[in-house]
Every structure is written in C-alpha cells, then in structure tokens.
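Trainee: sequence and computational prediction follow.
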Amino acid sequence: MSTETTPLKKRHRRDRWTNLASDVALWVIMLIFFLPVFWIILTSVRDRTEITSFPPVWIPTGLNIDSYLILFGFPTPEGAFDMGGAIPLAKYATNSSVIALVSTFFALVFGTLAGYVFSRFKFKGKNGIYLGMMLARAIPGIALSLPLFIVFARTGLSDTIQGMIITYTALNIPFTTWLMDGFFRAIPKELDEAARIDGCSLWQAFLNISLPLALPGVAAAGIFAFLTSWNEFALASIITRTAHSRTFPPALLEFTSSFVSDWRGMTALSVLMLIPAVIFVALVQRQLLEGLTSGATKG
C-alpha cells in the first residue's frame, strides 16, 4: 500500500511546486507590465524635486495632489507650478468619450457585417478586397496624417469631432473585419442554412443565429477599437488644433514648453486618462467572458 501511495504523493508534490512556480511567474510578469503605470501614478503625486532627481527616488517622501486640484479647476495652491490650469479638462474628456464610443460603435457595425460577408459569401474580387483592407491597416498612422489633413481641410472636417470619428472608424474597420471573419468562420454554416429552411430571412439568420454566437468576438473587437481611438496620438495631433475637437493624448503636449515640462501635471492627466479606459475594458471583458462561458456550455 505504501509503495502505491508514494508515487502519488510525489506527483501531488510536483504538481504543487509546478503550480506555485507558475503563479510566481505570472505575478512577476504582471509586475513588469504594471510597474510603468505604478510609476506614473507615483510621479503624479510626488514632490517636484524628486521627479528629476538622480539617482531616482523610488519611494516618495510625501504625497502631493496639487496637480489634480489644478486640473479640476480648484484654486492653485500657493507656490504650485501651474502649467495645466488653463486646460479644459471637461471638454477634452467629452471629446475623447464621444469620439471613442461613436467610432467604436460604427467600426463594430461595419466590421461585423463585413466579416460576415467575407466568411459566408463568394463574390468577384473578394480576396483582393480583403487583402487591400488588411494592407491598409498596416500603413502607419503618421503616414496618413498629411493626406488626411489636406482632405479634411478642403472638406471642412479639419478640427471637428466628425472628422475624428470618420478617421478612427476607418482605422478600426480592417482589424474588426479580420477578427469577426475568423469568429464567423468558426460557426458552422449549417446553422444559418437550417434557419433559412425554417423560414428566416438572411438578415434574421444573421441577427438571431450567427451574431449571438460571435458576441465574444464583438467584445474583443470593441476593446481594441475603443483603446485605439482613446489612446491614438499621431493623427489626433495633426487633425485637431483647438479644444473644439482635441482629445486627451494631444492635450498632453500642453504641459510642455520650450524650456520646461510639467511632468507631474502630465502624469496626472495620464492617470485620469487611464480610469475610463480601465472601466470600459472591465465592463466589456465581463461580456466577453460571459459569451465564451455561454458558448462552452451550449457546446
């Protein structure tokens, strides 16, 4: 009996150490990824003398929230370095939210429909169109800035929220199409054919059969499209010139001047930028996990 239980105990011990090593490795990787974010948060609340000190001060000697007070329009504390007091935080937050949400919605609508078409139908020029969309996504955003600036200046879309929505929608459609094409290809065509036999139209089969099964892909594409629109800097810095349409990323430049940079104000605004993005990802990720779990249960 003892000879039989000894290998079992050794296997359990080995599995326990393997799981422990995996957990440690996971926490180390997470620490590496979150260390820059943690440093930004600390920089936004540390004293200014510690920001540029060398060697770096890892643990702040005191916490100071003057930069946040300035951003939210509270009276500037005496002696505070006020470079961000004139920044219209509410306007930038509204612009970023509207542009990111609306462009994500349109990118999901057009990208999901395009992905369904590419996965289900055969038509002339299909491969060429699909390849062209993927190659268009590979073009760096900075290479598109000058042509877009010229086109928008002539059409009256420069420095407008509508122009930014059009830009980010077009930027996110190729990836959304590619991702949804893969999800729809994983769904058997026989389900759509069975729905058509039962009397459903093509549109009803898409909405009632294929789309619900592909919701995890929609959630994943939505996360990518929102974060791209929320964090994009190159195109936003060229297309937007005033607070009328400017978003958070180009607003960070307002903390710099010819001879000085307000690093604490810049990191404070970066922390405020992170909060809506984290909330959106957390909400959509829940839908993503629920969709994957639902699909696994039905399967």
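Mentor: That came through, no problem.
Trainee: what ranges in the stretch 51-200 of the chain fall below the confidence cut-off?
Mentor: Across the stretch 51-200 of the chain, the ranges flagged by pLDDT under 70 are 75-86.
Trainee: now the helices: where do they sit in it?
Mentor: For the stretch 51-200 of the chain, the helices defined by DSSP state H, counting those that start in this stretch cover 66-71, 89-120, 126-137, 141-155, 161-185, 189-197.
Trainee: and the first one, what other elements does it pack with?
Mentor: Secondary structure elements in contact with helix 66-71, counted by 3 or more Cβ pairs under 8 Å, 6 or more residues apart in numbering; DSSP states H and E, are helix 2-45, helix 263-298. (C-beta placed from N, C-alpha, C; glycine too.)
Trainee: ok, now with 7 Å
Mentor: Helices and strands touching helix 66-71, by 3 or more Cβ pairs under 7 Å, 6 or more residues apart in numbering; DSSP states H and E, are helix 263-298.
Trainee: do the third one as well
Mentor: With contacts defined as 3+ Cβ pairs under 7 Å, 6+ apart, the packing partners of helix 126-137 are helix 161-185.
Trainee: which helices and strands does the helix it packs on pack with?
Mentor: Counting contacts by 3+ Cβ pairs under 7 Å, 6+ apart, helix 161-185 is packed against helix 89-120, helix 126-137, helix 215-231, helix 234-239.
Trainee: list of residues touching the second one?
Mentor: The one in question is helix 126-137. Contact with helix 126-137 is made by 118, 174-175, 177-178, as judged by Cβ atoms under 7 Å, 6 or more residues apart in numbering.
Trainee: next one: Ser210 from Thr112, what distance?
Mentor: 10 Å (Cβ to Cβ, to the nearest Å).
Trainee: if we can go back for a sec, for the helices and strands packed on helix 161-185, which one sits closest to Ser145?
Mentor: helix 234-239 (4.1 Å; Cβ to Cβ).
Trainee: quick one: contacts of the closest one?
Mentor: Under Cβ under 7 Å, 6+ apart, the answer for helix 234-239 is 141-142, 144-145, 148-149, 152, 158-159, 163-164, 167, 247, 249-250.
Trainee: what's the closest of these to Thr267?
Mentor: Distances from Thr267 to the contacts of helix 234-239, taken by Cβ to Cβ, are shortest for Pro249, at 13.9 Å.
Trainee: so that closest one: helix, strand or coil?
Mentor: helix (DSSP: H, G, I helix; E, B strand; the rest coil).
Trainee: what residues of stretch 153-161 count as buried?
Mentor: Using 16 or more other Cβ atoms under 10 Å as the test for burial, stretch 153-161 gives 157-161.
Trainee: higher neighbour count, Ser210 and Thr112?
Mentor: A count of neighbours by other Cβ atoms under 10 Å puts Thr112 above the other of Ser210 and Thr112, at 25 against 22.
Trainee: buried set for stretch 195-210?
Mentor: Neighbour counts over stretch 195-210 (16+ other Cβ under 10 Å) mark 195, 200, 205-206, 209-210 as buried.
Trainee: farthest-separated two in those?
Mentor: It's Cys200 and Ser210 that sit farthest apart of those, by Cβ to Cβ, at 11.0 Å.
Trainee: before we move on, back to that, for Arg13, find the nearest of the helices of the stretch 51-200 of the chain.
Mentor: With Cβ to Cβ as the criterion, Arg13 lies closest to helix 161-185 of the helices of the stretch 51-200 of the chain, at 41.3 Å.
Trainee: wait, Tyr116 touches Trp203, no?
Mentor: No - taking contacts as Cβ atoms under 7 Å, Tyr116 lies outside contact range of Trp203: 10.6 Å.
Trainee: between these two, which contacts overlap?
Mentor: Counting by Cβ under 7 Å, 6+ apart, nothing touches both Tyr116 and Trp203.
Trainee: how does this protein divide into domains?
Mentor: Per automatic domain parsing, the domain ranges recorded for the chain read 2-64, 89-298.
Trainee: mean neighbour count, those: which tops it?
Mentor: domain 89-298 (a mean of 17; mean count of other Cβ atoms under 10 Å).
Trainee: that one: how far from the chain's middle?
Mentor: 9 Å (Cα atoms, centre = their mean, to the nearest Å).
Trainee: got a list of what the residue nearest in space to the middle of the chain touches?
Mentor: Nearest to the geometric centre of the chain sits Leu227, at 1.7 Å (Cα atoms, centre = their mean). Contact partners of Leu227, counting by Cβ under 7 Å, 6+ apart, are Ala277.
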